[in-house]
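K.L.:
Turn this into a model:
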Amino acid sequence: MFGQLSHELGVNVPASEAWELYSALRLAKLVEEEPASGIEKIDVIEGDGGAGTILKLTFAVVHVWL
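P.N.:
I've put the predicted structure just below:
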């Protein structure tokens, strides 16, 4: 399956701080460590966090009992 998903989010920090988080794949590690994110694992397929980096996200299984 191939596709593209994008989302914009405003953050209340200086651009230099936001870029420091995004550019080094630190954001991916933070999201992976947060249980409420629903993401179980993030693998870097290609790149170093800069433009063109490809990530594989594995979502946690959610069980719903009715």
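
K.L.:
which SS class is the most centrally placed residue in the chain?
P.N.:
Against the mean C-alpha coordinate of the chain, by CA atoms, centre = their mean, the closest residue is residue 28 at 4.2 Å. Classification of residue 28 using DSSP: H, G, I helix; E, B strand; the rest coil returns helix.

K.L.:
where's residue 56, which helix or strand?
P.N.:
Taking DSSP states H and E as the definition, one finds residue 56 inside strand 54-59.

K.L.:
and that strand, which strands flank it?
P.N.:
strand 39-46 (antiparallel) (DSSP bridges).

K.L.:
Using CSV, write out the CA atom coordinates for the lowest-mean-pLDDT helix or strand in the chain.
P.N.:
In the chain, the helix or strand scored least confidently by mean pLDDT, DSSP states H and E is helix 26-33, which has a mean of 76. C-alpha atoms of helix 26-33 as CSV (Å, rounded to 0.1, in the frame of the first residue of the first chain):
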residue,chain,number,x,y,z
ARG,A,26,14.2,12.9,18.0
LEU,A,27,10.5,13.5,17.4
ALA,A,28,10.1,9.9,16.1
LYS,A,29,11.8,8.6,19.3
LEU,A,30,9.5,10.7,21.5
VAL,A,31,6.4,9.6,19.7
GLU,A,32,7.5,5.9,19.9
GLU,A,33,8.0,6.2,23.7
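
K.L.:
Many thanks, I have nothing further to ask.
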